[in-house]
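Enquirer: sequence plus predicted model, see below.
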Amino acid sequence: MKECKHLAIIMDGNGRWAKAKGLPRTAGHKVGADNVRTIAIAADAEGVRYLTLYAFSTENWKRSQDEVSYLMKLPAYLFRMYMKEFLQRNMRIRLIGDLRPLPDATRKVLLEAAEESEKNTGLSLIIAINYGSHDEILRAVNHYAEDIRAGRAEPGIDEAGFEQYLDTRDFPPVDLLIRTSGEERISNFLLWQIAYAEMEFIPESWPEFTPEVLHRCLEEYSKRDRRFGGVH
Ligand code: IPE
Ligand code: IPE
Ligand code: MG
């Protein structure tokens, strides 16, 4: 099968999945967090090397305080339940997004997971939290401008140089972007990094996204003809 080195997923539909079952939205988020473990293992077994998961956008602060505070506790739940297994499987936890506005406890748990796994060489499990592509690009631009002012950089940056300022500086471009739950939009996710990604918008919600569904998506991906602007 064609290699999908970097898979990115917009994990959408937790709320609707729960509502359809007569459960509160938060119940969907809990099942969604458990599914992070399932899909990380499955993606690793499929040969994916970088798995970027959209956990919380810069726009998700607009939700109710209860929902936001529940979502902010999920990293602690995820790592309490599964960190040991992530480590045993040689997985490395990595983070993108602006961590500064997160509650202190949330930021601490995330940074600890990243640090604890930093020597691992297997799957990079990249959590996008308080991530927004516009925010990431603006942080990069402002950082570059500061470097110029301080004499650390020259004006006139190229693509490779600019990528060094993005949160994703250590990762290859996205090969495949999947969005679950039927919505066909990007919602401010990895705009720079998906320039030539293949895209799949699938009807299943994130809690329904099983290893079998992942396999089907990767099979579909391997049938795509990626031309990158050239002619075959
Ligand atoms: C995805 O599910 C999780 C987050 C955005 C945090 P949603 O919470 O967006 O679920 P729907 O889209 O409302 O069903
Ligand atoms: C995108 O989903 C963000 C995450 C999955 C974390 P949303 O549910 O927030 O996106 P919109 O509002 O439907 O575009
Ligand atoms: Mg949604």
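Expert: Now that the structure is in, tell me what you want to look at. Numbering: from 1, shown residues only. Ligands and ions are numbered 1, 2, ... in the order given.

Enquirer: how close does the residue lying farthest from the centre of the chain sit to Gly230?
Expert: Centroid-distance maximum for the chain: Gly151 at 33.4 Å, with CA atoms, centre = their mean. Going from Gly151 to Gly230 by CB to CB, to the nearest Å gives 40 Å. All C-beta atoms are positioned from the backbone trio N, CA, C, and that covers glycine.

Enquirer: so which residues make contact with the helix or strand hosting Ala128?
Expert: Per DSSP states H and E, Ala128 falls inside strand 124-131. Under the contact criterion CB atoms under 8 Å, 6 or more residues apart in numbering, strand 124-131 has outside partners 36, 40, 49-58, 75, 86, 91-99, 101-102, 106, 110, 167, 171, 189-190.

Enquirer: between the helix or strand following it and strand 124-131, how many degrees?
Expert: Past strand 124-131, further along toward the C-terminus, the next helix or strand under DSSP H and E is helix 133-149. Per axes from the mean of the first three to the mean of the last three CA atoms, to 10 degrees, the angle that helix 133-149 makes with strand 124-131 is 90 degrees.

Enquirer: after helix 133-149, which helix or strand is next?
Expert: helix 159-163.

Enquirer: so the residue nearest to the spatial centre of the chain is in which element?
Expert: Geometric centre of the chain, nearest residue: Leu53, 2.4 Å, by CA atoms, centre = their mean. Using DSSP H and E, Leu53 maps to strand 50-57.

Enquirer: quick check, stretch 122-142 touching ligand 1?
Expert: No - judged by CB under 6 Å from any ligand atom, stretch 122-142 makes no contact with ligand 1; its nearest approach is 9.6 Å.
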